[in-house]
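In: Just to be clear, the model below is a prediction. Sequence and coordinates:
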Amino acid sequence: YPLTEQWFSKAATAKFKLPLVIVGVVLGAATVWWMLSVYPRPKLEYNAVHSYFGIIPLLTYIFFRNITPNVRSKISMSLHALGKTTLETYLLQHHIWLSSNAKTLLTVVPGYPWLNFAITTCIFVTCAKILYRMTMNLRGMMLPDDKTIALRN
């Protein structure tokens, strides 16, 4: 995104940083409004308005993630690791995490919802990592990087 990168570079080197402050305040206020009025709605009501307001927290994250060159140069290892297993988490969510047609969380210890969430999340992430490794191994066998081996097979 060269235009956005150019704007951030120009804003970061400017002596007067008012544009960054104004955008940060507006996005921060919009996110607080979203957290207090849109996010707490009941599921069906939230689903009806999500496509209109879901961009607010996303833009805020992108803005504050890219606000300075120092922040831009660092990566979040947890988000990086989770991003590598996106396909696997999508495929496994209904098999491990959710039950009753995605209406309830899998219950391991009855009466302790947070403990259930923690346990099933650990199982879910571990299985996603294992499935990712299996996918990469199968990909290497079925589609080798060497073109001569791929054509021979």
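Out: That came through, no problem.

In: quick one: low-confidence ranges for this protein?
Out: Scanning the chain for pLDDT under 70 picks out the ranges 1, 12, 14-16, 102, 150, 153.

In: Tell me which other helices or strands the lengthiest helix in the chain touches.
Out: When the chain is parsed with DSSP state H, its longest helix is helix 113-142. If you count contacts as 3 or more C-beta pairs under 8 Å, 6 or more residues apart in numbering; DSSP states H and E, helix 113-142 packs onto helix 86-92, strand 104-105. Where you see a C-beta, it was placed from the backbone N, CA and C, and this is true even at glycine.

In: And it, what's buried?
Out: By neighbour count on 16 or more other C-beta atoms under 10 Å, the buried set for helix 113-142 is 116, 120, 124-125, 127-129, 131-132.

In: next one: stretch 91-109
Out: Buried-residue list, stretch 91-109, by 16+ other C-beta under 10 Å: 92, 96-98, 106.

In: returning to what we had before: now, among the buried residues of helix 113-142, which is nearest to residue 146?
Out: Ranked by distance to residue 146 (C-beta to C-beta), those are led by residue 132 at 22.5 Å.

In: Please enumerate the strands of this protein.
Out: 98-99, 104-105 (DSSP state E).

In: From residue 95, how far off is residue 106?
Out: 10 Å (C-beta to C-beta, to the nearest Å).

In: can you check residue 76 too?
Out: 27 Å.

In: so which of the helices and strands packed on helix 113-142 gets nearest residue 40?
Out: Nearest to residue 40, of those and by C-beta to C-beta, is strand 104-105 at 19.1 Å.

In: distance between that closest one and the chain's centre?
Out: A distance of 21 Å separates the centroid of the chain from that of strand 104-105, by C-alpha atoms, centre = their mean, to the nearest Å.

In: what pairs with that strand, and is each one parallel or antiparallel?
Out: strand 98-99 (antiparallel) (DSSP bridges).

In: Switch the strands of the chain over to TSV; also include distance to residue 42.
Out: Below are those laid out as TSV (distance: least, C-beta to C-beta, whole Å):
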stretch	distance to residue 42
strand 98-99	18
strand 104-105	16
